[in-house]
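Colleague: Everything below, folded, please.
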Amino acid sequence: MSPVSSAPPPPAEIHDFDFWLGSWEVVTPDGKLVGHNHIEAILGGRVLRENYTTPGTYAGRSFNIYNAAAQRWEQYWVDVTGLALHLTGGLNPAGQMVLQGKRVTPAGTSIVDRITWTPQADGTVRQFWETSSDGGETWAPAFDGRYRPVAPPTP
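Modeller: Numbers count the residues shown, from 1 in each chain. This next block holds a predicted model:
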């Protein structure tokens with residue numbers, strides 16, 4: 001496919017999630033290491049690609065893009081268990097990225113997933129994942145992690 005030379009400039013919103021770019025170690029609120037994550041900008045900075053791994057065998061990947069036509073952020077997540085999420089949303093006035101979506105479990109129940117990424121003053125990012133089995137009336141925590149930047153190697 002050839003590029004379109006008359007393409008409009010990218011909207012400013014493509015940078016809303018840039019605070020998540022980098023290499024991170026992921027820890028629980030009590031400081032236990034649960035994984036490593038690398039988020040990089042690809043395709044001219046329009047897409048963020050996530051590569052998440054744990055010390056065990058769990059791994060997952062996501063693609064995140066600002067969909068200019070829909071005027072929202074979208075995340076497509078897949079993992080080694082067969083979980084697939086399609087989340088949508090955007091940056092709220094508090095500077096948090098909030099993405100949400102519905103899925104059906106293998107047992108046939110409907111679940112709403114809501115994930116909030118909050119940049120912290122100390123350079124970390126909190127990721128808080130909640131689920132609801134009653135259409136969003138009540139929420140239960142699924143994951144609460146803090147992304148700590150991995151220092152670049154010294155020469």
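
Colleague: Any stretches of this structure with poor pLDDT?
Modeller: The chain contains residues with pLDDT under 70 at 1-7, 151-155.

Colleague: all strands in it, in order from the N-terminus.
Modeller: Taking DSSP state E as the test, the strands found in the chain are 22-27, 33-42, 47-53, 59-67, 72-79, 84-91, 97-104, 110-119, 125-132, 140-149.

Colleague: Check which helices and strands the second one sits against.
Modeller: What it means is strand 33-42. If you count contacts as 3 or more Cβ pairs under 8 Å, 6 or more residues apart in numbering; DSSP states H and E, strand 33-42 packs onto strand 22-27, strand 47-53, strand 140-149. Every residue, glycine included, has its C-beta placed from N, CA and C.

Colleague: For those, give me JSON lines that also has distance to Pro11 and mean neighbour count.
Modeller: Below are these laid out as JSON lines (distance: least, Cβ to Cβ, whole Å; neighbours: other Cβ atoms under 10 Å):
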{"stretch": "strand 22-27", "distance to Pro11": "23", "mean neighbour count": "17"}
{"stretch": "strand 47-53", "distance to Pro11": "14", "mean neighbour count": "17"}
{"stretch": "strand 140-149", "distance to Pro11": "25", "mean neighbour count": "15"}
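
Colleague: Format those as JSON lines; extra columns: distance to Gly82.
Modeller: Converted to JSON lines, the helices and strands packed on strand 33-42 look like this (distance: least, Cβ to Cβ, whole Å):
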{"stretch": "strand 22-27", "distance to Gly82": "21"}
{"stretch": "strand 47-53", "distance to Gly82": "15"}
{"stretch": "strand 140-149", "distance to Gly82": "17"}
